[in-house]
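Structural data only, the sequence is not supplied:
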């Protein structure tokens, strides 16, 4: 359950999260490049989503110098928005965590996309709508990311279907123009009295893993 949040904390979270996204996502793309070159690495077809994410975390960390004011973590919990016990707090697939205050996280959610079709992207879209846009995920951040692990099809077709179903307008990220990386802008539902940012930017990254398949 959320505790009272001091205004200094909210200010720090807002500055850090809004200023760092391009740097954070550059590390994510470098980690993907490392993983793609080393497949199958630690991936397991019986547990594809978690195993890809776990292997990706190691390679994102490899791309980092170690001197950054943040670290990358697989499976951290968001206790700000947890319900009363015995409920479990939300858990991110990946998040960048600010070393100075570990409550401040920049999260990424991953979903395996069997194909680029509308049926395959529905669970991906559910996380955008039900988690990010309700402030259950990324309560203190004005940005977050969805990562689609595409097993077959075309990233552009996947983007078209994501945009049509959310619905939203996707634009190319200017820092990653040669990557399958898009942006969408949203208004979030913020509960009265909560200091969470209403404006939210969602990053959409498609990682192509055509050599992998679920068991």
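On my side now, so go ahead. As the structure is a computational prediction, the values presented were derived from the model and not from experiment.

Lowest mean pLDDT among the helices and strands, pick that one out for the chain.
Least confident helix or strand of the chain, by mean pLDDT, DSSP states H and E, is helix 7-38 with a mean of 82.

That helix: what's the following helix or strand?
Sequence-wise, the next helix or strand downstream of helix 7-38 (DSSP states H and E) is helix 48-63.

In three-state terms, label the most centrally placed residue in the chain for me.
For the chain, residue 108 is the residue whose C-alpha lies nearest the centre (Cα atoms, centre = their mean; 1.6 Å). What DSSP: H, G, I helix; E, B strand; the rest coil gives for residue 108 is strand.

Please tell me the pLDDT value assigned to residue 213.
As predicted, residue 213 sits at a pLDDT of 84.

contacting residues for the residue lying closest to residue 203 once chain neighbours are set aside?
If the residues on either side of it in the chain are set aside, residue 203 comes closest to residue 145, at 3.9 Å by Cβ to Cβ, 6 or more residues apart in numbering. In this view, the C-beta of every residue, glycine as well, is placed from N, C-alpha and C. Residue 145 is in contact with 25, 28, 107-109, 202-205, counting by Cβ atoms under 8 Å, 6 or more residues apart in numbering.

if you set the cut-off to 7 Å instead, what comes out?
Residue 145 sits next to 25, 108, 203, 205 when contact means Cβ atoms under 7 Å, 6 or more residues apart in numbering.

Type out the PyMOL command that picks the buried ones from these.
Applying 16 or more other Cβ atoms under 10 Å to the contacts of residue 145 leaves a buried subset, and the PyMOL line that selects it is:
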select buried, resi 25+108+203+205
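
Just checking: what are the partner strands of the host helix or strand of residue 203?
With elements delineated by DSSP H and E, residue 203 resides in strand 199-208, which encompasses its position. Sheet partners assigned to strand 199-208 using DSSP bridges are listed as strand 143-150 (parallel), strand 181-187 (antiparallel).

With respect to burial, which of the ones you listed scores highest?
Mean neighbour count (mean count of other Cβ atoms under 10 Å) peaks for strand 143-150 among the strands paired with strand 199-208, with a mean of 24.

low-scoring stretches of this structure, by residue?
Within the chain, the stretches with pLDDT under 70 are 1-19, 215.

returning to that earlier point: and the residue nearest to the centre of the chain, what does it touch?
Applying Cβ under 7 Å, 6+ apart to residue 108 gives the contacts 28, 92-95, 144-145, 147.

what pairs with it across the strands?
residue 94, residue 145.

So it versus residue 54, what's the distance?
Distance, residue 108 to residue 54, by Cβ to Cβ, to the nearest Å: 13 Å.

Residue 117 now?
27 Å.

For those two, indicate the residue with more neighbours.
Neighbours were counted for residue 117 and for residue 54 using other Cβ atoms under 10 Å; residue 54 has more, 18 against 14.

That one and residue 41 touch, don't they?
No. Residue 54 is not in contact with residue 41 according to Cβ atoms under 7 Å; the separation is 9.7 Å.

what's the closest of the contacts of residue 145 to residue 128?
When the contacts of residue 145 are compared for distance to residue 128 (Cβ to Cβ), residue 203 wins out at 10.8 Å.

For the closest one, list the residues it contacts.
Residues near residue 203 by Cβ under 7 Å, 6+ apart: 25, 143, 145, 173, 181, 183.

Pull the most distant pair out of those residues.
143 and 181 (13.0 Å).
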